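Trainee: prediction below, plus the sequence it came from.
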Amino acid sequence: MKGGSPLRIPYPIRKYAVLIAAALAVGILAFGGEGALERFFIDARFLLLASRGARDGESPRIAIIRMDARSAAELGVPQGIKWRRFHPAVIDALREAGAALIVFDAMFEDTEELYDARLAEAFGAAGNVIAGELTVGKTPAPLRSTLRGVADLRITLMAGVPRFVAIRDGGSSAPLSVLAASAWRTAVGEGAEGAWQPRSPGFWINFREPAGYFRSFSFADVYHASGGRLADAAKTPLSFFKDRIVFIGLDDPANHNDQFPLPVTLGVRFPGVWGHAFATETVLTGRPVVRASMPLDAVIAFCFLLLLSCAMEVKRRALRASLIVLLPVAAFAGAQALLSLRDLWVGYAPIFTGFWVVLILHWVNVRVVLAARLRRAVGFDPALIEGISGGNGRGAPLRGEATLLISDVRGYTGFVSRTDPDVVTRVMTEYMDAMERCITAQGGYINKYVGDEIVAVFGFPLATGRSAVRAVLAGECMLRELSALIASWTEREIAAFRAIGIGIDAGDVVFTEVGGRTRSQFDIIGDCINGASRIQTLTKEYPHALLISEEAYRRIEDSREIAGSFVRVGSVPIRGQGNRTLYGHVG
């Protein structure tokens with residue numbers, strides 16, 4: 001406080017407090033965490049990171065050998081996991097090439113006595129083979145004793161996508177990626193000192209590189225290697241594998257249990273071994289994705305929504321629209337920068353959801369409030385809200401053509417002074433109800449009541465076609481209804497007025513919202529309003545209960561049955577408008 005004055009909350013916060021609170025609650029509670037929408041946005045950020053291409057072209061630490069369908073066909077591998085008869089040759093080739101580590105994304109639970117001894121010999125000779133197992137006890141003894149390590153193959157999947165590597169304290173085996181990274185550091189002499197070590201409960205995999213970052217080879221090409229070169233089209237030298245971790249995994253498109261869409265592959269399924277490769281790269285670089293806490297997500301989302309509320313208060317429509325569009329884009333760019341520079345995963349789903357919740361609730365609120373104001377603006381059709389409301393709920397002026405009808409009760413003052421108020425109320429209610437029916441039946445609306453005076457509009461901003469014809473038909477209907485009412489009042493012995501005057505004029509008008517801070521209304525502004533009012537007054541001087549201007553008459557000339565009900569009165573001086581030609585109704 002200063003000088004005893006209370007602390008004032010900024011206007012946008014006060015105005016949009018409910019909207020911000022609702023949007024924050026929906027965004028954080030319904031779409032926070034790692035739900036489907038949040039996964040979509042983090043995958044989009046991974047895709048943008050990977051779209052730059054690998055900084056070093058390809059991983060200097062990891063390569064992949066695929067046990068693919070072509071290899072199966074060339075080697076005649078029968079159905080099932082019977083690749084082990086070919087593994088020794090591949091292991092020997094990789095050992096001679098100087099591979100730092102050979103990692104099988106495969107289980108060796110079954111027994112093939114004919115091939116197990118040779119495979120165990122290859123494992124032992126290499127001394128650097130790791131395999132994944134879920135049930136260690138089932139691995140044949142000769143194989144188990146010659147493996148460098150036995151790892152946990154499981155990676156937490158979310159919607160079928162490898163996401164999170166769980167570290168289980170006290171588990172029987174470490175995750176494959178953690179075990180592989182540790183073994184590689186030992187093999188190349190880097191050591192684990194100072195290196196990042198994942199801890200319980202685990203880490204999020206960082207997909208900041210494209211899938212092509214890990215160069216892969218067909219199993220058959222490595223198996224048929226000779227002369228120090230692979231049998232692939234490029235005749236890749238075996239020395240490529242030197243000091244690398246070489247993952248060997250199944251690549252069978254028909255086996256969807258081992259095919260996963262990755263964030264950087266646009267939904268294309270890749271062999272599961274790629275998930276282990278990305279996880280291992282994450283451990284080796286020491287750059288896991290760090291998921292921001294929910295309180296931090298909430299604070300960031302709140303700041304965003306506050307900025308959005310400020311943007312919605314900008315008066316210039318074009319600038320306001322630009323800011324509203326740019327804010328979520330800027331928020332996404334900021335989240336992308338945090339992921340790129342700090343590997344920090346800030347929730348974007350709460351921001352995105354909050355953005356739309358605020359806009360939708362604001363739109364609904366504007367519509368409800370505006371509809372209420374329009375209903376108070378007597379006779380106005382709330383269906384026009386969308387056509388006249390601006391982004392901040394204030395009306396924008398509209399211009400068009402309309403026909404104005406103004407009617408006034410003759411002798412109203414004397415009628416009120418000599419009549420019981422209850423009777424006046426009953427008479428005027430019946431009268432106004434009948435007049436309104438005539439007006440609305442012709443597609444007009446009552447703009448306002450001024451005591452006993454009725455101001456009705458035909459045309460803009462409603463349908464403008466034949467507005468003058470409809471106004472004249474409404475005026476004739478009003479005279480007929482008055483005659484019926486007079487007969488009814490006479491029959492009921494009610495002393496009421498006996499005549500009304502009607503003036504009609506046509507021309508250009510402006511439809512807008514007028515008023516001050518505490519009260520406003522929608523209104524028609526134009527010369528034809530003054531014209532209709534002054535023409536109506538002239539019905540006291542001429543023997544015509546309905547007078548129309550020449551501008552209105554020109555618009556009904558084509559309707560001869562209507563135009564024939566009028567005679568030319570002549571040129572009459574109208575206060576503030578000069579001489580004007582009028583026509584009187586004689587029907």
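Mentor: In hand now; what should we look at?

Trainee: now stretch 330-341: how far from the chain's centre is it?
Mentor: Remark: stretch 330-341 is offset 19 Å from the chain centroid, using Cα atoms, centre = their mean, to the nearest Å.

Trainee: poorly predicted segments of the stretch 351-500 of the chain, please.
Mentor: For the stretch 351-500 of the chain, applying pLDDT under 70 flags the ranges 370-397, 463.

Trainee: helices of that one, start to end?
Mentor: 385-388, 412-418, 421-441, 467-491 (DSSP state H, counting those that start in this stretch).

Trainee: pull the helix or strand with minimum mean pLDDT from this structure.
Mentor: helix 385-388 (a mean of 48; mean pLDDT, DSSP states H and E).

Trainee: so what's A187 up against?
Mentor: By Cβ atoms under 8 Å, 6 or more residues apart in numbering, the contact list for A187 reads A100, L101, N128, D243. Any C-beta I mention is one placed from the backbone N, CA and C, and that applies to glycine too.

Trainee: wait, I meant S71
Mentor: V77, S218, F219, A220, D221, Y223.

Trainee: quick one: the fifth one from S488, how far?
Mentor: Put plainly, it is D221. Distance, D221 to S488, using Cβ to Cβ, to the nearest Å: 103 Å.

Trainee: the two - which one has more neighbours?
Mentor: A side-by-side neighbour count of D221 and S488, using other Cβ atoms under 10 Å, places D221 first with 22 against 13.

Trainee: how about the secondary structure of the more buried one?
Mentor: Secondary structure, DSSP: H, G, I helix; E, B strand; the rest coil: D221 is helix.

Trainee: is it true that it touches L230?
Mentor: Yes. Assessed by Cβ atoms under 8 Å, D221 is found in contact with L230 at 4.7 Å.

Trainee: coming back round to it: could you say which of the helices of the stretch 351-500 of the chain is packed most deeply?
Mentor: Highest mean neighbour count of the helices of the stretch 351-500 of the chain: helix 467-491, a mean of 19 (counted as mean count of other Cβ atoms under 10 Å).

Trainee: what's the angle from that helix to helix 421-441?
Mentor: Comparing the axes of helix 467-491 and helix 421-441 via axes from the mean of the first three to the mean of the last three Cα atoms, to 10 degrees yields an angle of 150 degrees.

Trainee: against which helices or strands is the next helix or strand after helix 467-491 packed?
Mentor: For helix 467-491, the following helix or strand on the C-terminal side (DSSP states H and E) is strand 500-515. Where contact means 3 or more Cβ pairs under 8 Å, 6 or more residues apart in numbering; DSSP states H and E, strand 500-515 is packed against strand 398-409, helix 467-491, strand 520-525, helix 527-537, strand 546-549, helix 550-554.

Trainee: adjacent strands (with direction) for the first one?
Mentor: Which is strand 398-409. Partners of strand 398-409 in the sheet, by DSSP bridges, are strand 453-459 (antiparallel), strand 500-515 (antiparallel).

Trainee: extract the CA atoms of stretch 574-586 and return them as PDB.
Mentor: This file holds the C-alpha atoms of stretch 574-586, laid out as PDB (Å, rounded to 0.1, in the frame of the first residue of the first chain):
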ATOM      1  CA  ILE A 574     -39.700  19.900 -43.000                       C
ATOM      2  CA  ARG A 575     -37.800  21.400 -40.100                       C
ATOM      3  CA  GLY A 576     -34.100  21.000 -40.700                       C
ATOM      4  CA  GLN A 577     -34.600  19.200 -44.000                       C
ATOM      5  CA  GLY A 578     -36.100  21.800 -46.300                       C
ATOM      6  CA  ASN A 579     -39.100  21.100 -48.600                       C
ATOM      7  CA  ARG A 580     -40.000  17.500 -49.100                       C
ATOM      8  CA  THR A 581     -42.700  15.900 -51.200                       C
ATOM      9  CA  LEU A 582     -45.100  13.700 -49.100                       C
ATOM     10  CA  TYR A 583     -47.800  11.200 -50.000                       C
ATOM     11  CA  GLY A 584     -50.800  10.400 -47.900                       C
ATOM     12  CA  HIS A 585     -52.700   7.100 -47.400                       C
ATOM     13  CA  VAL A 586     -56.300   7.100 -48.600                       C
END
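
Trainee: buried residues, it. List them.
Mentor: Within stretch 574-586, the residues that qualify as buried by neighbour count (16 or more other Cβ atoms under 10 Å) are I574, R580, L582, Y583, G584, H585.

Trainee: touching that stretch from outside, list them.
Mentor: Residues from elsewhere that reach stretch 574-586 (Cβ under 8 Å, 6+ apart): 475-476, 479, 527, 530-531, 534-535, 538, 542-550, 552-553, 565-573.

Trainee: figure out how far it is from the centre of its chain.
Mentor: Distance of stretch 574-586 from the chain centroid (Cα atoms, centre = their mean) equals 57 Å.

Trainee: now the strands for the stretch 151-300 of the chain?
Mentor: Taking DSSP state E, counting those that start in this stretch as the test, the strands found in the stretch 151-300 of the chain are 156-158, 161-166, 202-204, 215-218, 245-251, 259-261, 269-271, 290-291.

Trainee: what's the burial count for S145?
Mentor: Using other Cβ under 10 Å, S145 is surrounded by 11 other residues.

Trainee: low-confidence ranges, the stretch 51-200 of the chain, go.
Mentor: Applying pLDDT under 70 to the stretch 51-200 of the chain picks out residues 53-56, 78-81, 133-139, 170-172, 192.

Trainee: so for this structure, the centremost residue is which one?
Mentor: W356 (5.3 Å; Cα atoms, centre = their mean).

Trainee: what sits against W274?
Mentor: Counting by Cβ under 8 Å, 6+ apart, W274 makes contact with I64, A211, F214, F260, L262.

Trainee: could you redo the last one with a cut-off of 7 Å?
Mentor: Contacts for W274 (Cβ atoms under 7 Å, 6 or more residues apart in numbering) come out as A211, F214, L262.

Trainee: ok, so of these, who is nearest V165?
Mentor: Using Cβ to Cβ, L262 comes nearest to V165 of the contacts of W274, at 14.5 Å.

Trainee: now stretch 302-309: buried residues?
Mentor: F302, F304, L305, L308, S309.
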